[in-house]
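Chemist: pasting the structure only:
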């Protein structure tokens, strides 16, 4: 019996199973597909509401006080549509690597911007994923950074995965392999 | 067989909609196979570069869509030059509104007409800074700089909407760095006089 109270062999079995599960996750299993689809829906939701209310999103970018004022309209116009496109691509599972790469870059940008403003002592709605519409607070803080880091890790797993279930890319791959 | 043909047609449609082919085409599959057998790392690097290129395509397409949506969006951004944006500080007001502003000691009234017209008659307290030529304008601004640099409101007038010198003078103030709003009496001195507001006459020197 080990310290956990489980027999030694059973503990090893759980660890091996966990290790295998993580390897499967990194290779690409149905959980990876679930991450991809859910994050795609999240980006679609965020993109749509930011496109509808361009001005509010522009004002939030100004609040961050990182970019020059002249660039704010360009970011306010391009970023929501980029999020929407990336969300659609992730949801459908087409060009997964490209869209997850863009998502990783966006998430790194969000994390850096929020961190800078936390260090400045600022407090405002981060305007990340428009979740305040569902009563989920997105006030900048450590909780939001932690959430964004988790999302970033999920995108990293999606990017590095070799197999993607329920995706257009996998259908194309199967079709191509069948012609070899 | 029917299902396989359907997938084939679907893949063809997707390929036609996309701007690049799947990385796992026959040629690329062989390259991937070589990499797994310990192939050249340059092939891996070229895949990364290709990945970045395709991501940039997505960014470009998103930008095009974004600007198109902005054009038709009711709250879309309007792009104007920095100059035009600065000139939005020029506000046209009526003689009645100008009369209210003049009751404040912080208001400076400027007559942008020629000196001869100014000497004939002008609004009491007005400083003469002709809008043209530029050399005269600059000289007069320098003479009155101490007034300009105080936290004052500027109200400019000339002979009315066809005059134009008041707007020229206002733009010159903005170009030299005046950062607040500048008010122009839209219908100029003739309207002021017609409404019976006070005027001052000086004899020609």
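Modeler: Everything's here; your move. Only a predicted model underlies this, so the values are computations on that prediction, with no experimental measurement involved.
Chemist: Could you use CA atoms for every contact and neighbour count after this?
Modeler: Fine.
Chemist: which residues touch the most centrally placed residue in chain A?
Modeler: Centroid check for chain A by C-alpha atoms, centre = their mean gives residue A:151 as the closest residue, at 4.1 Å. Residues in contact with residue A:151 (C-alpha atoms under 8 Å, 6 or more residues apart in numbering or on different chains) are residue A:107.
Chemist: Which of the helices or strands spans it?
Modeler: Counting by DSSP states H and E, the secondary-structure element that holds residue A:151 is helix A:142-160.
Chemist: after that helix comes which helix or strand?
Modeler: helix A:168-178.
Chemist: do that next one and chain B meet at all?
Modeler: Yes - on the criterion C-alpha under 8 Å from any C-alpha of the partner chain, helix A:168-178 is in touch with chain B at A:169, A:171-173, A:175-177.
Chemist: Out of the residues you listed, which end up buried?
Modeler: Buried members of these, counted by 16 or more other C-alpha atoms under 10 Å in any protein chain shown: A:169, A:171-173, A:175-176.
Chemist: how about those in JSON lines, adding pLDDT and distance to residue B:123?
Modeler: JSON lines is the format used below for those (pLDDT from 0 to 100; distance: C-alpha to C-alpha, whole Å):
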{"residue": "A:169", "pLDDT": "89", "distance to residue B:123": "77"}
{"residue": "A:171", "pLDDT": "88", "distance to residue B:123": "81"}
{"residue": "A:172", "pLDDT": "86", "distance to residue B:123": "80"}
{"residue": "A:173", "pLDDT": "84", "distance to residue B:123": "82"}
{"residue": "A:175", "pLDDT": "83", "distance to residue B:123": "85"}
{"residue": "A:176", "pLDDT": "81", "distance to residue B:123": "85"}
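Chemist: what's the offset of the longest helix along chain B from the middle of its chain?
Modeler: Secondary structure of chain B per DSSP state H: the longest helix is helix B:41-72. Offset of helix B:41-72 from its chain centre (C-alpha atoms, centre = their mean, to the nearest Å): 29 Å.
Chemist: And for stretch B:77-96?
Modeler: Relative to the centre of its chain, stretch B:77-96 is centred 9 Å away, using C-alpha atoms, centre = their mean.
Chemist: Now do the lowest-mean-pLDDT helix or strand in chain A and helix A:142-160, the angle between them.
Modeler: Lowest on mean pLDDT, DSSP states H and E among the helices and strands of chain A sits helix A:8-27, with a mean of 79. Angle, helix A:8-27 to helix A:142-160, by axes from the mean of the first three to the mean of the last three C-alpha atoms, to 10 degrees: 80 degrees.
Chemist: neighbouring contacts of helix A:8-27?
Modeler: The contact list for helix A:8-27, computed with C-alpha under 8 Å, 6+ apart, reads A:1-2, A:31-32, A:157-158, A:160-163.
Chemist: What helices and strands are in contact with the helix or strand following the longest helix of chain B?
Modeler: Using DSSP H and E, the helix or strand that follows helix B:41-72 towards the C-terminus is helix B:82-86. With contacts defined as 3 or more C-alpha pairs under 8 Å, 6 or more residues apart in numbering or on different chains; DSSP states H and E, helix B:82-86 has no helix or strand neighbours.
Chemist: So for helix B:82-86, what gets flagged as buried?
Modeler: For helix B:82-86, a neighbour-count test (16+ other C-alpha under 10 Å) marks residue B:86 as buried.
Chemist: Let me know the secondary structure of residue B:124.
Modeler: Here residue B:124 is recorded as coil under DSSP: H, G, I helix; E, B strand; the rest coil.
Chemist: isn't it right up against residue B:193?
Modeler: No - using C-alpha atoms under 8 Å as the test, residue B:124 is too far from residue B:193 to be in contact (11.7 Å).
Chemist: Common neighbours of these two, please.
Modeler: What both residue B:124 and residue B:193 touch, as defined by C-alpha under 8 Å, 6+ apart, is the set residue B:199.
Chemist: got the contact list for residue 55?
Modeler: No chain in the question, so chain A it is. Residues near residue A:55 by C-alpha under 8 Å, 6+ apart: A:76, B:75-76.
Chemist: Wait, chain B was what I had in mind.
Modeler: By C-alpha under 8 Å, 6+ apart, the contact list for residue B:55 reads A:98-99, A:101-102.
Chemist: Apart from its neighbours in sequence, what residue is nearest residue B:125?
Modeler: Leaving aside its sequence neighbours, residue B:125 sits nearest to residue B:109 (C-alpha to C-alpha, 6 or more residues apart in numbering or on different chains; 6.8 Å).
Chemist: Quick check: the one you found touching residue B:158?
Modeler: No - with contact defined as C-alpha under 8 Å, residue B:109 does not count as touching residue B:158 (11.0 Å).
Chemist: And these two? Which one has more around it.
Modeler: Neighbours were counted for residue B:109 and for residue B:158 using other C-alpha atoms under 10 Å in any protein chain shown; residue B:158 has more, 28 against 23.
Chemist: show me the contacts for the more buried one.
Modeler: By C-alpha under 8 Å, 6+ apart, the contact set of residue B:158 is B:111-113, B:164-166, B:185, B:188-189.
Chemist: Between those residues, which sits nearest chain A?
Modeler: Compare each of the contacts of residue B:158 with chain A using C-alpha to the nearest C-alpha and the shortest gap goes to residue B:166, at 29.1 Å.
Chemist: in which helix or strand would I find the closest one?
Modeler: Counting by DSSP H and E, the element that carries residue B:166 is helix B:165-175.
Chemist: name the helices or strands packed onto that helix?
Modeler: So helix B:165-175, by 3+ C-alpha pairs under 8 Å, 6+ apart, packs with strand B:153-157, strand B:182-185.
Chemist: And the contacts of the helix or strand harbouring residue A:98?
Modeler: In this assignment (DSSP H and E), residue A:98 forms part of helix A:96-120. By C-alpha under 8 Å, 6+ apart, the list of residues contacting helix A:96-120 from outside reads A:64, A:66, A:83, A:86-87, A:89-90, A:123, A:126, A:128, A:140-141, A:145, A:148-149, A:151-152, A:155-156, A:158-160, A:169, B:51-52, B:54-55.
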